[in-house]
Every structure is written in C-alpha cells, then in structure tokens.
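Participant: 3D model of this:
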Amino acid sequence: MEDAYKIYARKYRPQTFEEMVGQKAIVQTLQNAIRLDRIGQAYLFAGMRGVGKTTAARILAKALNCLKDDRPTSSPCNVCESCLEINDDRSIDVLEIDGASNRGIEDVRTLREGVKYKPIRSRYKVIIIDEVHMLTKEAFPALLKTLEEPPPGTVFIFATTELNKVPATILSRCQVFEFKKPKPPEVVGYIGRIAEKEHLTISSGGLALIAEASEGSLRDAVSLLDQAVAFCGEAIGDAELRELLGTVNKDLLFEFSTAVLEEKPEWIFSLTATVLDAGHDLRLFLKELIQHFRNILVVKSVASPEDLIALASPDDLARLRSEAAKAGEEDLVRYLQALQASEAGLKFSPHPQIHFETTLVKLCHYRKIVSLKDLILEVEEPRRSGGSAGESRPAKPAWTPPAAPRKADPPATLREEFRIRPAAPATGAPEKPLAAKTPPAPVGPLPEAGDKAVRRKIEEDAALQTPGVRTFLDKFKARVISIDELKAKADTEEE
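Facilitator: Next up is the predicted model:
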C-alpha cells in the first residue's frame, strides 16, 4: 500500500547539508568538523522556529553514521540502511526526545542509564533533545556530569528556540550554533523551487506574499504554500492568496499615506470603513501601516533603498518615492513616532475604531503644528524690532543697560520728609530736633477736613512720589501698602 499524502514540509525537508537554506556558516563548520574528525561531545542549535535546527540535527546524525564510507562523511548518501532508518525515525541508536514532554529528573535519569551502553548498530549513539529549555531545574543538573564526560561514541544535540532559558552550566559544555533568520529572497527561492517541482502556477508577487507572511520561517512558508494549493488548486492567484493570508492590499496602504501626506482628514473615515469591511484587524493593519511609513522614510533617506525594503518591486519603489516627495524627513519621523505610540492605546482601547481614526486624523494636521522653538522666535522677533506680532515699526536704538541705581538715602531722610521723630534714647537724653524740610507740594486742593478717608488717600499718594520713598522701594523691591507700614519699616531700619 502506498504511503498517504505527505505534506510539503515533510516531503521537501532538507536531507543533506547542501540543501539547507540560509545557514552557510553553520553548515561549513559542521562539515569541516566531520572531515577533520573533530566531532564534539555536545552541540546546541538555537534559533527561531522553522529555520532548520532539528533538520540539521538529523543530517548530522546521518553524517556520523552513514555507511557509504568506513568513517563519518560530510555528505550522507540517504540510500544506505542507516540513513533510511534515521529518515524514517526507526533507528535504535538515534534517539529524538521532546524536551517539553520528557522534562523531569526521572526522564533524565532514564536517559543517563541508556547512554551507558555502546551503540548497537551504528558508529555513534546520537541523543537529540528538542526544546531543551523546557527541562525542569532539577533535570538540568542531572545532565551535567554526562555532558562533561559522555560515554565514548555518544553525541548530544540540543535544539531550542529560547537560548536565554538554558543554564550557563549547560552552555559551557556544548558547542553553540545560533541559526539565522533566512533572508526574504532565500525564502522566495526555496518555495519557488518547490512550486516548480509540484508544477504549480504562482507569480513572483504571490511568492513574495508567502515569504512575507512566513516572517522568515522556512517551515511556515512551505506550509502556507501547501495551504494555498488546497485553497486555489495548482493555479494560485495573487487575489486569492491575499484573501487566504489576510494580508493588506498595498493600494490601501498607499491611500492612507496619501491622505496623511496631502492633509486630507476627510478620507480617513471612509478608508477605515474599507479596512473593517475587508475583515482586517485594526491592530494588525496599524502594524502594516507603520512598516509602510518606514519604507517611505527609507526611500526618502537612502539613495539605494532596494536592499533595505524586502521584496519591493520597481513599481512599489516608484510609488514610495512619489509619496516620499510629499514630506520631509522630519515630518516622516514624527508620523512614525505617533503611529508607534498609538499601538499600545489601540490594543487596550474599548473603541479601537475611534482610536484608530483620531490617530490618523491627527497625523493629517501634524504639519500645521508649530514647534515651540519657532513659536518663541516668532514672539521674540517683533520685540527685538520694536513692534508687536504682525506690526512693522521703525527700529529703535540698541538697548543699553541702565546706570547703577543711586545708593538709597538713610532711613532718617524718610522720617524728615514725614516729620517722624524717633523714640527717645534709653539713657533719657533729650531728643535732638530734626532739620525741617520743605514738604512736597500737594496735588490739587485737598478736601475738607471732614472727609478724612479721601484726604488720607491723597496724602499717601503724594508721599509715595517723593524721592526718598521711591529709593526705599527700589532698594527693598517691595510694595508699600500704607503710610503706617512705611513708618514701621523706617523705624526697623533705623534700629
């Protein structure tokens, strides 16, 4: 009986080091180690999901045990019995363990008992532990002694997506390889070769959509291609693929950027309705919009942005340049900062549509906002020219600092002007009369004696205009409320 349908991710899984994508340095290091007979006792492969960690572990296990030569080979044949057993997961000397399911100390103890024995049919006993960071705190110490001095002919290969959770004591006993995220063109080329082998019809734009949706995971990209075939058949159209993946139409992104850059807030509401009618999540759409404005800024700032904008076609670059010509770099930076600042608010807002719309409407008015620096300059400039804002006046002579203020008269002067006599000395000596001064002329005729309040007010105003009082006020930077208060201050100063 023929095998059941095999998904693309399993059918086209790399079987040799040469078939691996985007990990040239790691592949070269492992192949050289095998050629030079420098096999390590433990390896740790770290990286994001779907970049080939477990695949590399299986290829390494086949390279160590391939029977085409009498020693390990850097290119396993995949036809000998040992290679076929490893490919089919039935080799008794290659044990693959899920660290999330077998994570306790008892599982590690059982493993330690098993590795004491030599390989039965192969050169090396290979222990592959996937998601090793899921082991418990008690299980990790149980591995230490075995890793430090493993039995002859035993190789440990660990794989993890969270390297920071693996204890340093484990890392120090392993050769650590960090798998990189493949570049978008590498992902496109990989799934393009699979599409060609399967006789699929798909455009370069469709391949780019799949590569972008996979976010660098080769396994996810192949799975999405498999899903697209199930949805569209062997002829995969861009529109159907975009509907399947839920990706945002680029035309819609350009319409939003045009509304912002051309300051047309009335467009925002109808465009938001279009986004919702298409079934897009506003949070995911905002993420795409931020990336779109970032691409505009790159085109504005860089002479050759082709390498910095993933999978951008010449038409897309031309449209981005057209958008970038509508604003300066400083404006684009402000747009990006505002969009990123609104992400958290949109995530927790009870009214995401209103939050999204008001954010975009604000962006439409951003270039009308005057910076504080410009506002200060606008206010200060008329003062320097001698006029108020919006008024033209002839320039005044340059300002010169005022002369140093005259030294204040002694408080006795104040008493002379107001005919205030000091208290008698404590010794009982007679008080010396003060020289009389001509009092200041009253301003206008004084009221009748009956109107005491009005008369007192006029006297106070006249007294405040005398030179001695003005000097006192300038000296103490104070404001006199009444003549009585002024007398009290003068007495205090004298004492």
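Participant: and Ala46, bridged to which residues?
Facilitator: Applying DSSP bridges to Ala46 yields these beta-bridge partners: Thr160, Glu178.
Participant: run through the residues that contact it.
Facilitator: Lys53, Ala159, Thr160, Thr161, Leu163, Val166, Val176, Phe177, Glu178, Phe179 (C-beta atoms under 8 Å, 6 or more residues apart in numbering). (C-beta placed from N, C-alpha, C; glycine too.)
Participant: got a PyMOL select line for the buried ones in those?
Facilitator: A single PyMOL command is used to select the members of the contacts of Ala46 judged buried by 16 or more other C-beta atoms under 10 Å:
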select buried, resi 53+159+160+161+166+176+177+179
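Participant: can you put the contacts of Ala46 in a markdown table and add distance to Pro150 and pLDDT?
Facilitator: Shown next, in a markdown table, are the contacts of Ala46 (distance: C-beta to C-beta, whole Å; pLDDT from 0 to 100):
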| residue | distance to Pro150 | pLDDT |
| --- | --- | --- |
| Lys53 | 21 | 95 |
| Ala159 | 18 | 95 |
| Thr160 | 19 | 95 |
| Thr161 | 24 | 93 |
| Leu163 | 21 | 93 |
| Val166 | 18 | 93 |
| Val176 | 17 | 95 |
| Phe177 | 18 | 96 |
| Glu178 | 23 | 95 |
| Phe179 | 23 | 95 |
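Participant: nearest residue to Pro184 in space, please, no chain neighbours.
Facilitator: In space, and not counting its chain neighbours, Pro184 is closest to Ala310: 4.3 Å by C-beta to C-beta, 6 or more residues apart in numbering.
Participant: that neighbour: neighbour count?
Facilitator: Counted with other C-beta atoms under 10 Å, residues neighbouring Ala310 total 16.
Participant: of the contacts of Ala46, which is the nearest to Asp220?
Facilitator: Here the nearest of these to Asp220, counting by C-beta to C-beta, is Thr161; it sits at 13.3 Å.
Participant: got the phi and psi for the nearest residue to Glu18 once chain neighbours are set aside?
Facilitator: Spatial nearest neighbour of Glu18, excluding adjacent residues (C-beta to C-beta, 6+ apart): Ser75 at 7.2 Å. The phi and psi torsions at Ser75 (degrees, to the nearest 10) take the values phi -130, psi 90.
Participant: how about Ser75, what does it touch?
Facilitator: Thr16, Phe17, Glu18, Gln31, Ala63.
Participant: excluding its backbone neighbours, what's nearest the fourth one?
Facilitator: Looking back up the chat, that one is Gln31. Distances taken as C-beta to C-beta, 6+ apart put Ser74 closest to Gln31, at 3.9 Å, once the chain neighbours are dropped.
Participant: then the last one?
Facilitator: Of all residues beyond its chain neighbours, the one nearest Ala63 is Pro76 (5.0 Å), with distances taken as C-beta to C-beta, 6+ apart.
Participant: let me know the pLDDT of the one you found.
Facilitator: As predicted, Pro76 sits at a pLDDT of 94.
Participant: how about Arg123, secondary structure?
Facilitator: coil (DSSP: H, G, I helix; E, B strand; the rest coil).
Participant: domains in this protein, by residue range?
Facilitator: 8-178, 184-245, 250-368, 411-417+442-494 (automatic domain parsing).
Participant: Leu60 against Leu30, yeah?
Facilitator: Yes. Counting by C-beta atoms under 8 Å, Leu30 is a contact partner of Leu60 at 6.1 Å.
Participant: neighbour count winner among the two?
Facilitator: A count of neighbours by other C-beta under 10 Å puts Leu60 above the other of Leu60 and Leu30, at 26 against 23.
Participant: which residues touch that one?
Facilitator: When contacts are counted by C-beta under 8 Å, 6+ apart, Leu60 touches Leu30, Tyr43, Val126, Val155, Ile157.
Participant: can you do 7 Å?
Facilitator: Leu60 sits next to Leu30, Ile157 when contact means C-beta atoms under 7 Å, 6 or more residues apart in numbering.
Participant: which SSE is it in?
Facilitator: Taking DSSP states H and E as the criterion, Leu60 maps to helix 53-65.
Participant: in TSV: the domains of the chain, plus distance to Leu377.
Facilitator: Below are the domains of the chain laid out as TSV (distance: least, C-beta to C-beta, whole Å):
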stretch	distance to Leu377
domain 8-178	50
domain 184-245	46
domain 250-368	17
domain 411-417+442-494	31
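Participant: hang on, the earlier thing: what's the farthest-apart pair in the contacts of Ser75?
Facilitator: Glu18 and Ala63 (11.6 Å).
Participant: sorry, back to before: so the residue nearest to Ala63, which of the three states?
Facilitator: Under three-state DSSP, Pro76 comes out as coil.
Participant: verify the contact between it and Lys62 for me.
Facilitator: Yes. Counting by C-beta atoms under 7 Å, Pro76 touches Lys62, with 3.9 Å between them.
Participant: overlap in contacts of those two?
Facilitator: Cys83.
Participant: which residues of the chain fall in strands?
Facilitator: Applying DSSP state E to the chain gives strands spanning 42-46, 94-98, 125-130, 154-160, 175-178, 201-202, 235-236.
Participant: skipping adjacent residues, who's closest to the most centrally placed residue in the chain in space?
Facilitator: Geometric centre of the chain, nearest residue: Gln340, 7.7 Å, by C-alpha atoms, centre = their mean. Of all residues not flanking Gln340 in the chain, Ile290 sits nearest, at 6.2 Å (C-beta to C-beta, 6+ apart).
Participant: for that neighbour, give me its contacts.
Facilitator: Ile290 touches Leu336, Leu339, Gln340, counting by C-beta under 7 Å, 6+ apart.
Participant: and what of Glu186?
Facilitator: Residues counted as contacts of Glu186 (C-beta under 7 Å, 6+ apart) are Val21, Gly22.
Participant: any idea how far Gly52 is from it?
Facilitator: 12 Å (C-beta to C-beta, to the nearest Å).
Participant: ditto for Lys264
Facilitator: 47 Å.
Participant: higher neighbour count, those two?
Facilitator: Remark: of Lys264 and Gly52, Gly52 carries more neighbours, 26 against 11, as counted by other C-beta under 10 Å.
Participant: what does the model give the closest residue to that one other than its chain neighbours for pLDDT?
Facilitator: Once flanking residues are discounted, Gly52 sits nearest to Met20: 5.4 Å by C-beta to C-beta, 6+ apart. pLDDT recorded at Met20 is 94.
Participant: follow-up on the earlier one: among the domains of the chain, which is nearest Ile376?
Facilitator: So among the domains of the chain, domain 250-368 is nearest, using C-beta to C-beta, at 17.9 Å.
Participant: straight-line length of that closest one, end to end?
Facilitator: Start to finish, the residues bounding domain 250-368 are 28 Å apart (C-alpha to C-alpha, to the nearest Å).
Participant: what's the distance between that domain and the middle of its chain?
Facilitator: Between the centre of domain 250-368 and the centre of its chain there are 16 Å (C-alpha atoms, centre = their mean, to the nearest Å).
Participant: what pLDDT, on average, does it get?
Facilitator: In this model, domain 250-368 carries a mean pLDDT of 92.
Participant: ok, Ala324 touching Ile296?
Facilitator: Yes. With contact defined as C-beta under 7 Å, Ala324 counts as touching Ile296 (5.0 Å).
Participant: more neighbours: which of the two?
Facilitator: Ile296 (27 against 21).
Participant: how much space between Ile59 and Ile26?
Facilitator: From Ile59 over to Ile26 (counting by C-beta to C-beta), the distance is 11 Å.
Participant: fine, thanks again, bye for now.
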